[in-house]
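J.: Let me see the structure of the following:
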Amino acid sequence: MTIGRRRAVDEGVNAASTSLDAPPSLGARAGFAEVVAEQLDAVYGYLVYLTGDRSAAEDLAAETFEKAFRTWRRFDPRRSSPRTWLCRIAHNVAIDWLRAESRRRRREDAYAREQDVVGELGDGLPGPLEQALRELSPGEREVVALRVLLDLDGPSAARVLGISQTACSTRLSRALKRLEERTEDVRR
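T.: Numbers count the residues shown, from 1 in each chain. Below is the predicted model:
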């Protein structure tokens, strides 16, 4: 973590933690600002290791300490050390981030594949048909590509898609009907 950023975090924690230094219910113990100062580098290093991305780790460390700040009064030093407690929070924050990143990448990859497929299928097609193909779901475009463009028979297309022959022909029928409706709307 950069020195300037660490200083900003430390100053913010010091300013915000004056009322949270030693909750009376748990007796005398290190204040939140002290725990942050002691554990900041460890938590940051742990997050760098988990994510492999220093800037993401900085953001996740900030989120970790924010969550820790909000739950500081519930922290029980008899159950775990501050480092263990903070690393558990950091772990949960990192897992949420990794899941969100995975979903984002899948969406981006699916979108890129759709654009590639439509671009490949769209070469030399009339504008209305190309637009209608874009409006089909990926599954519908795939069955149209297999049955119409590649001229596979029903059983072969169904095997490629991993669905029954009936489901394949139903999907093709619906896709062709949607294509016909979309191109008719443009012609009117």
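J.: Can you name every helix or strand that the longest helix seen in the chain contacts?
T.: Ranked by residue count, the top helix of the chain under DSSP state H comes out as helix 82-122. Helix 82-122 makes packing contacts with helix 32-51, helix 54-71, helix 127-135, helix 138-144 when contacts are defined by 3 or more Cβ pairs under 8 Å, 6 or more residues apart in numbering; DSSP states H and E. C-beta coordinates here come from the backbone N, C-alpha and C atoms, glycine included.
J.: Now with 6 Å, please.
T.: With contacts taken as 3 or more Cβ pairs under 6 Å, 6 or more residues apart in numbering; DSSP states H and E, helix 82-122 sits against helix 32-51, helix 54-71, helix 127-135.
J.: How far away from the center of its chain is that helix?
T.: 3 Å (Cα atoms, centre = their mean, to the nearest Å).
J.: same thing with stretch 64-80?
T.: Counting by Cα atoms, centre = their mean, stretch 64-80 is centred 26 Å from the centre of its parent chain.
J.: what is the mean pLDDT for that stretch?
T.: In this model, stretch 64-80 has an average pLDDT of 91.
J.: Pull out the buried positions in it.
T.: 64-65, 68-69, 72, 75 (16 or more other Cβ atoms under 10 Å).
J.: Make JSON lines out of those residues and add distance to residue 181.
T.: What follows is the buried residues of stretch 64-80, written out as JSON lines (distance: Cβ to Cβ, whole Å):
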{"residue": "64", "distance to residue 181": "52"}
{"residue": "65", "distance to residue 181": "55"}
{"residue": "68", "distance to residue 181": "56"}
{"residue": "69", "distance to residue 181": "56"}
{"residue": "72", "distance to residue 181": "60"}
{"residue": "75", "distance to residue 181": "61"}
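J.: quick one: which of the residues you listed is nearest residue 95?
T.: Of all those, residue 64 has the smallest distance to residue 95: 11.9 Å, by Cβ to Cβ.
J.: Next, the angle helix 54-71 makes with the longest helix of the chain.
T.: Counting by axes from the mean of the first three to the mean of the last three Cα atoms, to 10 degrees, helix 82-122 lies at 130 degrees to helix 54-71.
J.: care to break this structure down by domain?
T.: 3-104, 124-187 (automatic domain parsing).
J.: Worst mean pLDDT among the ones you listed?
T.: domain 3-104 (a mean of 78).
J.: how distant is that one from the center of its chain?
T.: Distance, centroid of domain 3-104 to centroid of chain: 22 Å (Cα atoms, centre = their mean).
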